[in-house]
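Enquirer: sequence and predicted structure below; questions after.
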Amino acid sequence: MGFYEPAEHVQRLEDAGRKIVRLNVGNTNLPPPARAIARAREIMGGSNPGYGPVKGLPRLRRRIAEREGCGIENVVVGPGSKLLLYGLLDVLCDRGETVATPSPYYPAYALAAGRLGLKFRPIPTRLENGWSVTLSDIPKVNLLILCNPLNPTGTVYDENVIRDVLELGLRSGFRVILDEAYKGLSFREIPRYESAIRLRSFSKEFGLESWRLGYAVTPKDVADKLGSFLQATITCVPSFIQEAGLACLENETEIRAANAAIWRSRSETARQALAAQGFRFVPPDSGMYFFVTRPDIRDADIFCRELLDRTGVAVAPGGSFGGFGRFVRICANQPEDILRNALALLKRGT
């Protein structure tokens, strides 16, 4: 069973009136920042700005460049980091070349590679070693994707691991994309890895999931190619959305400090509840996800389906994250009382 089909089934149940506690999809369930909403309304209420620059509004790109320690020519703004990743795979790889990523992994990686005719190579990792990857694990590839913090586990790679991988890429001639969509939810500082292509998203750290805004930091030649991809597909991100993103960055310290407290509290609530239910997992280094297993989970698809039918609690089966058929991914994305009550229903035999 894939990842998106069960999520759509849950949506149909909600549309039919069933009350569901959705711990299966990575919505933050946090309101967009008030300053972002106000800026967007201001732009929408003004004169029609027409089409914007394909790589993004210069004032937003300059702010991102300051944030990322690069030049504006290295920044490309797009409608979420997922499409930017797809565009990077399209412009950096030829059909038949190999893309790899540690497993478990975000299911969209395999889907994007498959649609582009690329060979997708999962790199096995284990709960017992903290879901980390070693250089000897990395096969011959054309491009490597590292998700940091990692979806679905919430773990953060050790800095030495990332730097060793980047050095190997330089020696061996493969590109490294760092998917940092969850960097703003990390409980510890993540360095700026300047030799990697980096993807960031406004969805998680600023609660702008449905607004669709992200950016890529790349060498200029790659930025130009990615711009051509966007020109052929979306033309540009709507100006009011980009201005909302700029408002987020202008008030980043305040917004992220408030959200960090929420994620720490939710994560601790989930950690205690899941440990009490006998689940095994690596305690996450960031907000949002837990990737868990328990001896009684023989088939995660059946476990998730029966849990949903019996209790109305939706979690995601681990098979679509790289074949982890006895694991489930749980999003700690609800207020603490709802989260605690929902996770209590994961008891054996209930």
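Expert: Arrived safely, thanks for sending.
Enquirer: what about the strands in the stretch 51-200 of the chain?
Expert: Secondary structure of the stretch 51-200 of the chain (DSSP state E, counting those that start in this stretch): strands located at 75-78, 98-103, 119-124, 143-147, 175-179, 197-201.
Enquirer: note down every partner strand of the first one and its orientation.
Expert: Looking back up the chat, that one is strand 75-78. Partner strands and pairing direction for strand 75-78 (DSSP bridges) are strand 214-217 (antiparallel).
Enquirer: what do you get for the third one?
Expert: The strands that strand 119-124 pairs with in its sheet are strand 98-103 (parallel) (by DSSP bridges).
Enquirer: need the contact partners of the partner strand.
Expert: Contact with strand 98-103 is made by 89, 93, 109, 113, 118-125, 131, 133, 137-147, 150, 321-324, as judged by Cβ atoms under 8 Å, 6 or more residues apart in numbering. All C-beta spots, glycine's among them, are computed from the backbone N, C-alpha and C.
Enquirer: so of the strands of the stretch 51-200 of the chain, which one's packed in deepest?
Expert: strand 75-78 (a mean of 26; mean count of other Cβ atoms under 10 Å).
Enquirer: then that strand to PDB, C-alphas only?
Expert: C-alpha atoms of strand 75-78 as PDB (Å, rounded to 0.1, in the frame of the first residue of the first chain):
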ATOM      1  CA  VAL A  75      18.400  31.400  -4.800                       C
ATOM      2  CA  VAL A  76      15.400  30.100  -6.600                       C
ATOM      3  CA  VAL A  77      11.900  30.400  -5.100                       C
ATOM      4  CA  GLY A  78       9.200  27.900  -6.000                       C
END
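Enquirer: and that strand, how far from the chain's centre?
Expert: Its chain's C-alpha centre and that of strand 75-78 lie 17 Å apart, by Cα atoms, centre = their mean, to the nearest Å.
Enquirer: ditto for stretch 216-223
Expert: 20 Å.
Enquirer: secondary structure element for Thr269, which one?
Expert: If you go by DSSP states H and E, Thr269 is part of helix 252-276.
Enquirer: and the following helix or strand past that helix, what does it pack onto?
Expert: Moving toward the C-terminus from helix 252-276, the next helix or strand (DSSP H and E) is strand 289-293. For strand 289-293, the packing partners by 3 or more Cβ pairs under 8 Å, 6 or more residues apart in numbering; DSSP states H and E come out as helix 252-276, strand 327-331.
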